[in-house]
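> Dropping the sequence and predicted coords here.
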Amino acid sequence: MSDTFVLIHGAWHGGWTWRPVAEHLRAAGHRVLTPTLPGLADGDDPTELSLSDVVNAVVELFEREDLRDVTLVGHSWGGYVITGAAPRLADRLTKLVYYSAFVPAAGRGLQDEVPDEHRQLFQATAEASGNNTITLPYEVWQHGFMQDADEHVQHLVHQLLTPQPFQYFTETVEPLDLESFDVPVSYVLSIDDIALPPGEFGWDRFAKRLGVDPITAPGSHEAPFTQPEGLAKALLGA
């Protein structure tokens, strides 16, 4: 049976992130949309945008394309986006999937969910940027996000990253009301994902927030590039 997938990227990325995974899903007969969110396309001016603008853009995509029976997937920071959009799209969804993603809690932005060294790095780079955006240092990217790739691939993908509007990390969305949200929710977690360190700040705490056991996928935080086939299989099984 053919399904529709809408794949929401994480911070610093765009819809291009998902192309290797999308090709596997399409080969299996599914329709796949991979939007680039406002403020993260090359040349976008992020200064007047808010997290609510990003959420609205996803809702508008569904309405414009009249999307129905959709599996909505959010990666990393994209967990904030799908959480904000999902209650407004519930009658159009068949599944909601968090993939190595933040699951928002009440009154907490992404900046509240990361270790102190991450918070300090994000704050400092935003203040130095001149337009309240964050760039991710190559060494952090290389060793924490894409450690399972060759160095030339790490360099190439890092060069494609777009500065992330810092307000997207400090603003909040309402958490899902799991008792009233009548759509299946699952959590997929890459087994070698150390973008958040294991322990107090590890990714597995977010599956617990949803009250589900994580479904494992191969690869690092950047498995859409390094393990796209395995990740596509995990999303199909979520």
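Yes, it's here.

> who's in contact with Glu54?
Rather than Glu, residue 54 is Val. Each residue near Val54 by CB atoms under 8 Å, 6 or more residues apart in numbering is listed here: 37-39, 81, 84, 168. Yep, even glycine has a C-beta here, placed from its N, CA and C like the rest.

> Now render the residues you listed as TSV, adding neighbour count.
Listed next are the contacts of Val54 as TSV, based on neighbours: other CB atoms under 10 Å:
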residue	neighbour count
Leu37	26
Pro38	19
Gly39	23
Val81	26
Gly84	24
Tyr168	27
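
> which of these sit farthest apart?
Gly39 and Gly84 (14.7 Å; CB to CB).

> how much space between Val188 and Val21?
With distances taken as CB to CB, to the nearest Å, Val188 is found 11 Å from Val21.

> Please report the confidence value the model assigns to the spatially most central residue of the chain.
Centre of the chain computed as the mean C-alpha position; nearest residue by CA atoms, centre = their mean is His75, 2.3 Å away. We note a pLDDT of 98 for His75 in this prediction.

> and Glu229, what is it in contact with?
Contact criterion CB under 8 Å, 6+ apart gives His24 as the residues in contact with Glu229.

> Could you check which helix or strand contains it?
Taking DSSP states H and E as the criterion, Glu229 maps to helix 228-237.

> Any idea how far the lengthiest strand in the chain is from the middle of the chain?
Longest strand of the chain, by residue count under DSSP state E: strand 93-101. The chain centroid and the centroid of strand 93-101 are separated by 10 Å under CA atoms, centre = their mean, to the nearest Å.

> How about stretch 177-196?
Put simply, stretch 177-196 sits 11 Å off its chain's centre (CA atoms, centre = their mean).

> ditto for stretch 79-88
Counting by CA atoms, centre = their mean, stretch 79-88 is centred 11 Å from the centre of its parent chain.

> Stretch 32-52 too?
How far stretch 32-52 lies from its chain's middle: 13 Å, per CA atoms, centre = their mean.
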